[in-house]
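Student: Quick one: sequence and predicted model below, then my questions.
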Amino acid sequence: MRISELSATADVPIGTIKYYLREGLLPAGHRSSRTTADYDDDHVERLRLIRALVRTGGLGIAAVRRVLAVIDDPDPQRLDVLSTAQDALTGGKGAEEAGAEEAGGAETSRAPEARPVGPVHAWVAARGWPTGPGDPVLEQLEKAWAACEAAGIHVDDAMMADYADAIEQVARVDVAAVPQGADDAVRRVVIGTIMMEPVLSALRLLAQRHVSVRQAGKAAGVAPCSASHR
């Protein structure tokens, strides 16, 4: 199919398709002449994936590029599929080090300074969750927790532990859904993690409403409408 047909089939504007081609997110079409190229169903599937990552997953182009790189060329020797997926989503340690080398030049030959262990690091360690120095996910949690406190939303250790208990159950479902094959596993974890975030957020809002209504009904002495809503 020509690019106009690809645009219509995938419901993506031609200008956007050309942008994805320039950025290397979408493979080039098969040249049929000096000025035209043909595209196939693989291009349609890739376009829909990119649009899902951008629109539903909320990823920027750089993050989409990382995710696609992992999906297209997963390391078959790397058994830690979850780590591979998280590296793609957070930029990974490798990206951080590369940026430091580019910015710091010869200074990068020094040993990195030890960072003080903050309360979030201590809390995670006390819970027994594995982590390490420079963990981007841990740093993300630290910033988010600090932002809550700065906004006047106090989250103490006990409350965070309750959240963590619930999230561990979600994580068990995630891990149980990972396929055995390395290629399929990386794709499932990366795409599933991104695309399930809006689902989990919506479920949380629905659950909040459900619990609030039930508590209000109990306080007023009103029985639940039906067993299906328990």
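Tutor: That came through fine.

Student: show me where pLDDT drops low in the protein?
Tutor: 74-84, 88, 91-118, 181-183, 221-230 (pLDDT under 70).

Student: just the helices in it please.
Tutor: With DSSP state H as the criterion, the chain has helices at 3-10, 14-23, 41-51, 61-72, 81-90, 92-104, 119-127, 136-150, 157-176, 182-220.

Student: deepest of those helices, which one?
Tutor: helix 81-90 (a mean of 20; mean count of other CB atoms under 10 Å). C-beta here means a position set from N, CA and C on the backbone, and glycine is covered the same way.

Student: now the helices of the chain as CSV including distance to Thr35?
Tutor: Formatted as CSV, these follow (distance: least, CB to CB, whole Å):
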stretch, distance to Thr35
helix 3-10, 11
helix 14-23, 14
helix 41-51, 18
helix 61-72, 27
helix 81-90, 35
helix 92-104, 37
helix 119-127, 56
helix 136-150, 44
helix 157-176, 47
helix 182-220, 34
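
Student: Can you say which of the ones you listed is nearest to His30?
Tutor: helix 41-51 (9.6 Å; CB to CB).

Student: circling back to that earlier point, specify the stretch among the helices of the chain that is closest to Ser32.
Tutor: helix 3-10 (11.3 Å).

Student: Specify the angle between the closest one and helix 41-51 in degrees.
Tutor: 60 degrees (axes from the mean of the first three to the mean of the last three CA atoms, to 10 degrees).

Student: Not counting helix 3-10 itself, show me its contacts.
Tutor: Outside helix 3-10, the residues that touch it by CB atoms under 8 Å, 6 or more residues apart in numbering are 1, 12-14, 17-18, 29, 37, 39, 43-44, 47-48, 51.

Student: Out of those, which two are the most distant from each other?
Tutor: Of all pairs in the contacts of helix 3-10, the most separated under CB to CB is Ala37 and Arg51 at 20.1 Å.

Student: Give me the nearest residue to the residue nearest the centre of the chain, chain neighbours excluded.
Tutor: The centre of the chain sits closest to Ile194, judged by CA atoms, centre = their mean, with a distance of 3.8 Å. When the adjacent residues along the chain are set aside, Ile194 lies closest to Gly57, with 3.9 Å between them (CB to CB, 6 or more residues apart in numbering).

Student: okay, now the one you found: neighbour count?
Tutor: Gly57 has 22 neighbouring residues, counting by other CB atoms under 10 Å.

Student: contacting residues for it?
Tutor: Gly57 touches 194-195, 197-198, counting by CB under 8 Å, 6+ apart.

Student: Relative to Asp73, which of those residues is nearest.
Tutor: Nearest member of these to Asp73, counting by CB to CB, is Ile194, at 18.2 Å.

Student: for the helices of the chain, which one sits closest to Ser33?
Tutor: Nearest of the helices of the chain (CB to CB): helix 3-10, 13.0 Å.
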